[in-house]
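Engineer: My questions are about this predicted structure, shown below with the sequence.
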Amino acid sequence: MHSKDTNAKNITTQINEPLFHVTKRAQISWQKSWAIRIIAIASSLVICALIIVLITGLNPLTVYSAIFDGSFSSERKIWNLLRELSMLLCVSLAVTPAFKMKFWNIGAEGQGLVGALASAACMIYLGDKLPNSNLLLVMLLSSLAAGALWGFIPAYFKAKFNTNETLFTLMMNYIAIQLVAYFVLLWENPKGSSIVGIINSSTGAGYLPVIGGKQYLLPILIVALVTGVMYIYLRYTKQGYEISVVGESQNTAKYVGINVKKVIIRTMIISGALCGLAGFLFVSGIDYTINANLIGGLGFTAIMVSWLAKFNPVYMIMSSFLIVFLDRGASEIATDFRLNESIADALTGIILFFIIGSEFFIQYQLKFRKRGNNK
Amino acid sequence: MSEKRIALQLKNITKSFGDKYANKNVSLDVYHGEILSVLGENGSGKTSLMNVVAGIYTPDSGQIFIDGKEASINSPKDAFSFNVGMIHQHFKLVDVFNATENIVLGIDDEKGFDLKKARTRIIEIAGKYGFIIDPDKKIYDMSVSEKQTVEIIRVLYRGADILILDEPTAVLTPQETQVLFDVLRRMRDDGKAIIIITHKLHEVLSLSDRVAVLRKAEYVGTVITAQTNEKQLTEMMVGVKTELNIHRDEPVNPSSRLIVSDINCKNREGVTVLKNISFEAKSGEILGIAGIAGSGQRELLEAVAGLQKIESGDILYIDPKTQEKEDLRNKTPMQIRDMGVRLSFVPEDRLGMGLVGNMGIVDNMMLRSYKRGPLIFLSRKEPKYLADEIIERLHISTPDAETPVRRLSGGNVQKVLVGREIAAAPTVFMAAYPVRGLDIGASYTIYDLLNEQKQNGVAVIFVGEDLDVLIELCDRIMVLSGGTVSGIVNARQTTKEEIGLLMTKSKEDSKNAQ
């Protein structure tokens, strides 16, 4: 209909210039980029409010305050938030050097699990043989080594035979899960429960010391330390520089004489070892047990955290906070208002969608058609 | 002549990227039955403007008229519906398909493919304009010029009346260029409007009817070829008069610096790319390497730089102080550097090999030196100092030393790379196509830098494509053909024809043998 109309008016002209087109921004001030992010969050809240009203009939403001309550309504909740945040951050930091090198390590789950498995094994077999400080050290080292091994294997094959690291690391996850499942049956306690209960619950051997009366404080501080070290490592060390060069262009790396294979293997050992550290923290400082679901999908969420933060460890604090905050908020509204979990997840999904989508508008801008220019 | 019809008319086309204009109020027309050259330095907006016509870019403002009717072109498909076809610099062909399949690919006439019919039409088109093409030949078996032929026929097959060719001769030998020009002239006589983008003046003068000149995103003017000359066009292009003569000194005390003897090498696919190559590079001299693209130039330089394994032969380096000979054969770049051999290399692929596009100038300076110092930490102090010095000395235009180099123009990118390689105080300096894509001003800066290296007693190896430049700049020219040395000539006495013949020599011989 529309085209017929214009044709009738002016047969010789044929104009179908799009309403807008997309151009890449040269540079954007940080104020402007934050304004875009805030607008994105605000509009996501408006959309969510509409959905809340239309589907549940609840007052969106009470729902939003419940999301907030999910993380901040009590001291316990704040500690839980910090704990979850730091563990997610730990795994995110672990995958970051690999990602920066454009090595798609989606095996953080498995690398973390074997790390946890190594710690649990030490607690079970050495719990009464070593003093606690030595035991913790042995646990830490064996977790790092186990994670490193799980990172080394796909890296070695990548460097040697150029295998696909995505599939390889993914499959290593399943091996790790099955391995843990086997040991869970071997170590099950009490018999017949098919779980490993709290390990060394009577002796507390292999438990991280509780400092300041706060159970999670030490793991949180350890992750904070790792964040700082990773920031410096990527930015200010020769190895970090090599990672960037290899990630940007392997040809350039070869041209200046960087041993690309060595960098790939070394970086994946670091990446795997840090995943192993997360496994150690879970076993020795948080859960005191082992099961195949211990890492709980963090290895995959970490990919998003790392990307959202553009591989910058400091930004990763913010992106992992965002993810944990929304996740806790979702379960809070699900229980508070007896909503279906799916609605809560849909809401957090919408918010995340807008936040990730806002990055597009930070990179690009829309130029609308100017009518005046055509005539 | 008076009844020439306007085929394509551009009015006030403006296109910007970020805050940079690629085209600013550019207007020009092309008639049916003429060849128009669009001439301009690099970054003057030639390709952007043509991409607007071909539907790859959408202009910010301005109008396009085709045969007098306003046209809105938003995609290459739209462009074809207006009978506009563009042949890009980088061919877009499917390697494992043959010529016919590539030509009909993507045509949706709701009749299904009839390859037999298509084949007949292709032969018809080829016959009409004098193309030489084998419709059943696979693309991977084709030479660059054959691939280009496929691209041109593809566009004609779709019924294009307005043809745009982006730097069509960049990859061709002089002989192939002549064949292409003959074909283009025949198409012109058939009433097609042909636009060729180029920065080679002699081609403009020999081929086109009119020349439109762009300078720094703006339209300078159009002149009739018969009424102009190189000098006027250069002035229009660069704004100020540029000397066409390249400076050349006599070599001072040349002595052997690099002796390559009988090297053979295979590429990753196991195909022999270098056959019994022997030559000598002398200090204080520029050795040019000429050849059709892909004759082994890249592999040769990479073999010397330690990036390409060789099967047999020796690469001997003679230390200028001790006169000791060291074998560089199959050493890694790191080992070569550790031996104290100061070898600098400006590779063909600047952003993909010589530099890291997403890093700033400082971090790119560091590529060669980041390992220095005993600590595990980087020191950005010296690279920063070096970056500032190079920016100032080579007049690199950049917002600051931290701006990612991929945002800089081609000439500035090259200055960063050459600057870094020279800063290493080399004794052997190799450069592959160092002025490719650069404008005249930037090219001369590079020639000056090469001459400066030569005067400092460096053995300079210059791989070039423009024969005029090779003849004016170099002392000796080695010509490669199909991975062999087909001749080494004295640049002061040779002619373009001689080099052109050497470039195709052994290829023809091997063809005859078959």
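Structural biologist: Received it, and whenever you're ready, just let me know what you need.
Engineer: need the contact list for the closest residue to chain B within the stretch 101-250 of chain A.
Structural biologist: Closest approach between the stretch 101-250 of chain A and chain B, counting by CB to the nearest CB: A:E248, at 4.5 Å. For glycine as for every other residue, the C-beta is placed from the backbone atoms N, C-alpha and C. With contacts defined as CB atoms under 8 Å, 6 or more residues apart in numbering or on different chains, the neighbours of A:E248 are B:356-359.
Engineer: and with 7 Å instead?
Structural biologist: Applying CB atoms under 7 Å, 6 or more residues apart in numbering or on different chains, we find A:E248 in contact with B:356-358.
Engineer: Would you tell me which residues of the stretch 151-300 of chain A are close to chain B?
Structural biologist: Applying CB under 7 Å from any CB of the partner chain, we find that the stretch 151-300 of chain A lies next to chain B at A:236-239, A:241, A:245, A:248-249, A:251-252, A:254-257.
Engineer: which regions of chain A lie under the pLDDT threshold?
Structural biologist: Low-confidence segments of chain A (pLDDT under 70): A:1-18, A:26, A:369-375.
Engineer: residue ranges of the strands in it, please?
Structural biologist: Assigned by DSSP state E, chain A shows strands spanning A:20-24, A:364-368.
Engineer: Would you tell me which of those gets closest to chain B?
Structural biologist: Nearest to chain B, of all these, is strand A:20-24, at 4.9 Å by CB to the nearest CB.
Engineer: Quick check: residues of the stretch 351-500 of chain B near chain A?
Structural biologist: B:352-358, B:366-368, B:370-371, B:376-378.
Engineer: Of those, just the buried ones, ChimeraX syntax please.
Structural biologist: To isolate the buried members of these in ChimeraX, using 16 or more other CB atoms under 10 Å in any protein chain shown:
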select /B:352,353,354,355,356,357,358,366,367,368,370,377,378
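Engineer: list the contacts for the closest residue to chain B within the stretch 151-300 of chain A?
Structural biologist: The minimum distance from the stretch 151-300 of chain A to chain B, using CB to the nearest CB, falls at A:G257 (3.6 Å). Residues counted as contacts of A:G257 (CB under 7 Å, 6+ apart) are B:332-334, B:337.
Engineer: Can you tell me which of the residues of the stretch 151-300 of chain A next to chain B has the most neighbours?
Structural biologist: Among these, the one with the most neighbours (other CB atoms under 10 Å in any protein chain shown) is A:V245, at 26 neighbours.
Engineer: what's near enough to touch that one?
Structural biologist: Each residue near A:V245 by CB under 7 Å, 6+ apart is listed here: A:252-253, A:258, B:356, B:367.
Engineer: farthest pair in those?
Structural biologist: Farthest pair in these (CB to CB) is A:I258 and B:V356. Separation: 11.2 Å.
Engineer: just to revisit the earlier point, and which of the contacts of A:G257 is nearest to B:L502?
Structural biologist: B:P333 (31.0 Å).
Engineer: From B:D363, how far out is the closest one?
Structural biologist: Distance, B:P333 to B:D363, by CB to CB, to the nearest Å: 19 Å.
Engineer: Could you do A:K24 as well?
Structural biologist: Distance from A:K24 to B:D363, by CB to CB: 22 Å.
Engineer: Show me the domain layout of chain B.
Structural biologist: B:6-238, B:256-342+B:425-513, B:360-424 (automatic domain parsing).
Engineer: got these as TSV, with mean pLDDT columns?
Structural biologist: Below are these laid out as TSV (pLDDT from 0 to 100):
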stretch	mean pLDDT
domain B:6-238	86
domain B:256-342+B:425-513	86
domain B:360-424	90
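Engineer: Next, format the ones you listed as JSON lines and append distance to B:H247.
Structural biologist: Shown next, in JSON lines, are those (distance: least, CB to CB, whole Å):
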{"stretch": "domain B:6-238", "distance to B:H247": "17"}
{"stretch": "domain B:256-342+B:425-513", "distance to B:H247": "6"}
{"stretch": "domain B:360-424", "distance to B:H247": "17"}
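Engineer: Select, out of these, the one closest to A:N134.
Structural biologist: In terms of CB to CB, the element of the domains of chain B nearest to A:N134 is domain B:360-424, at 28.8 Å.
Engineer: Would you agree B:I376 is in contact with A:Y236?
Structural biologist: No - using CB atoms under 7 Å, B:I376 is not in contact with A:Y236, being 9.2 Å away.
Engineer: now the contacts of A:G257 as JSON lines including distance to B:D141, neighbour count and secondary structure?
Structural biologist: Shown next, in JSON lines, are the contacts of A:G257 (distance: CB to CB, whole Å; neighbours: other CB atoms under 10 Å in any protein chain shown; DSSP: H, G, I helix; E, B strand; the rest coil):
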{"residue": "B:T332", "distance to B:D141": "34", "neighbour count": "15", "secondary structure": "coil"}
{"residue": "B:P333", "distance to B:D141": "34", "neighbour count": "19", "secondary structure": "helix"}
{"residue": "B:M334", "distance to B:D141": "38", "neighbour count": "14", "secondary structure": "helix"}
{"residue": "B:R337", "distance to B:D141": "40", "neighbour count": "18", "secondary structure": "helix"}
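Engineer: Then B:Q63 would be within a strand, right?
Structural biologist: Yes - assessed with DSSP: H, G, I helix; E, B strand; the rest coil, B:Q63 lies in a strand.
Engineer: Could you report the neighbour count for it?
Structural biologist: 19.
Engineer: Give me the distance between it and A:T267.
Structural biologist: 53 Å.
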